[in-house]
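No letters, just coordinates:
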């Protein structure tokens, strides 16, 4: 499966439709599956069943669209280029390459190009965010102990 990228922002009409759809679907967010009736603008109609976790993904997509954000879906097993991984981490590509070379994030080479699994980038980001939160908590506690007023 290849990732399809949406490169345009939703229109104002799409934002409003996403808000309305999100409100309606959110009533079903805690179920293990949901049945949907679909009717297209061409009159074609279908019935389908979505597992609960798929409904949650759809709700996440609608939430982003309702805020006017463009979105893209990437399969968890997808491999990323170093630039894509750097963008995901909000770092420069040279900085990311340094992380790869130090062994902080696993990668493989395809010819002369490095490829990084999305799941490895997400794991790294989760770990680094947890460490950052821990250090900030410790700093806040230390500041309170020293009476610095924070």
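Right, received. Where do you want to start? Being a predicted model, the structure only gives us computed values, none of them experimental.

Now for this protein: which helix has the highest residue count?
Scanning the chain for the longest helix, with DSSP state H as the assignment, gives helix 118-145.

Around residue 36, count how many other residues there are.
Residue 36 sits with 13 neighbouring residues when counted by other Cβ atoms under 10 Å. C-beta here means a position set from N, CA and C on the backbone, and glycine is covered the same way.

Kindly report the same for residue 67.
Using other Cβ under 10 Å, residue 67 has 11 other residues around it.

try the one 3 residues further on
Residues near residue 70, counting by other Cβ under 10 Å, number 12.

next one: residue 104
Applying the criterion other Cβ under 10 Å, we find 13 residues in the vicinity of residue 104.

ditto for the one 4 residues further on
Using other Cβ under 10 Å, residue 108 has 10 other residues around it.

Same check on residue 17?
Residues lying near residue 17 (other Cβ under 10 Å) number 15.
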